[in-house]
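Undergrad: Here's a sequence, model it:
(one chain, ligands or ions: 1)
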Amino acid sequence: MTGMHHMLVHFPLGLWALATLMILVGALLPGRLAELSRAALLPVLVLSLLGALAAIVTGFLVWPLEASTHSPLTRNHILMAFWSLGIFTMLTVLVWRAGEAAFDGARRWVLVLLALIGGLLFATAGTLGGHLVGAPTLFSDILGLLGWEVYTTFYSPLWVVVVMVIIGIAAGGLGLKSQRSSG
Ligand code: HEM
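TA: Sure, this is the predicted structure:
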């Protein structure tokens, strides 16, 4: 059964990487390739969410929760999987609701920012999965430079919490401001 998780994780990871690339191409480049990227983005995002759900369900089915949550490595792997799912769900809803206007004007930068954050998060989820199967990558050294020691860090470093709170307050403020100016 462990093979199921190993096999299924390739769907969200591959499709999230593809969606990130399509958003960058759709937002930053002119021409036919950018048009195609924008037009095909929604199905890719929807498929990525289905793949992620399959990966998460198999993760929980295969390994006992007690075992998973008692290792910093697996705990953070699960957290990163859920953060990635959250960001790409947000992107899917935005692209779905905005339709053809999703890339219009300044809106594209919201997609680009979310895609870049999502890219870092799913790369971290995959990297931690790699550590779990004994296949570490150099990406962990970058995490190490940020204060995240993959085998022992259970928590977000304080500066990450501070940055998250600032981003949350800024996003709330921006939302209120644009609601007032459109209403
Ligand atoms: C979007 C969700 C997820 C992604 C993209 C993901 C990704 C990965 C990757 C890339 C690996 C390495 C597999 C390999 O190299 O063959 C892995 C392994 C692993 N994952 Fe996940 N994972 C996800 C969700 C979960 C969840 C929810 C759990 C647990 C509840 C979990 C538990 C594990 C464990 C325990 C391993 C090590 C497998 C082993 O030792 O054989 N994963 N995952």
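
Undergrad: CA atoms for contacts and neighbours, from now on please.
TA: OK.

Undergrad: Whichever strand or helix holds Leu174: how far from the chain's middle?
TA: According to DSSP states H and E, Leu174 maps onto helix 158-182. Distance, stretch centre to chain centre, for helix 158-182: 19 Å (Cα atoms, centre = their mean, to the nearest Å).

Undergrad: Now it: buried residues?
TA: Residues of helix 158-182 include none that count as buried (16 or more other Cα atoms under 10 Å).

Undergrad: and that helix, average pLDDT?
TA: For helix 158-182, the mean per-residue pLDDT is 88.

Undergrad: residues contacting Leu47?
TA: Pro12, Leu15 (Cα atoms under 8 Å, 6 or more residues apart in numbering).

Undergrad: same thing but at 6 Å, please
TA: Contacts for Leu47 (Cα atoms under 6 Å, 6 or more residues apart in numbering) come out as none.

Undergrad: Roughly how far does it sit from Ala54?
TA: In this view, Leu47 and Ala54 are 11 Å apart by Cα to Cα, to the nearest Å.

Undergrad: ditto for Leu73
TA: Distance, Leu73 to Ala54, using Cα to Cα: 21 Å.

Undergrad: Quickly list the domain ranges of the chain.
TA: What automatic domain parsing lists as the domains of the chain is 2-152, 156-183.

Undergrad: now the end-to-end length of the longest one.
TA: Terminal residues of domain 2-152 are spaced 24 Å apart (Cα to Cα).

Undergrad: most packed of the domains of the chain?
TA: Comparing the domains of the chain by mean neighbour count (mean count of other Cα atoms under 10 Å), domain 2-152 ranks first with a mean of 17.

Undergrad: Let me see the mean pLDDT of that domain.
TA: 94.

Undergrad: Up against the ligand, what does this protein have?
TA: 2, 6, 9, 12-13, 52, 55-56, 59-60, 74, 78, 81, 125-126, 129-130, 132-133 (Cα under 6 Å from any ligand atom).

Undergrad: mind listing the helices for the protein?
TA: 2-8, 10-28, 32-62, 65-69, 72-98, 107-132, 139-145, 158-182 (DSSP state H).

Undergrad: any chance of those in CSV, with distance to Thr152 too?
TA: Converted to CSV, the helices of the chain look like this (distance: least, Cα to Cα, whole Å):
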stretch, distance to Thr152
helix 2-8, 23
helix 10-28, 24
helix 32-62, 21
helix 65-69, 13
helix 72-98, 6
helix 107-132, 12
helix 139-145, 11
helix 158-182, 16
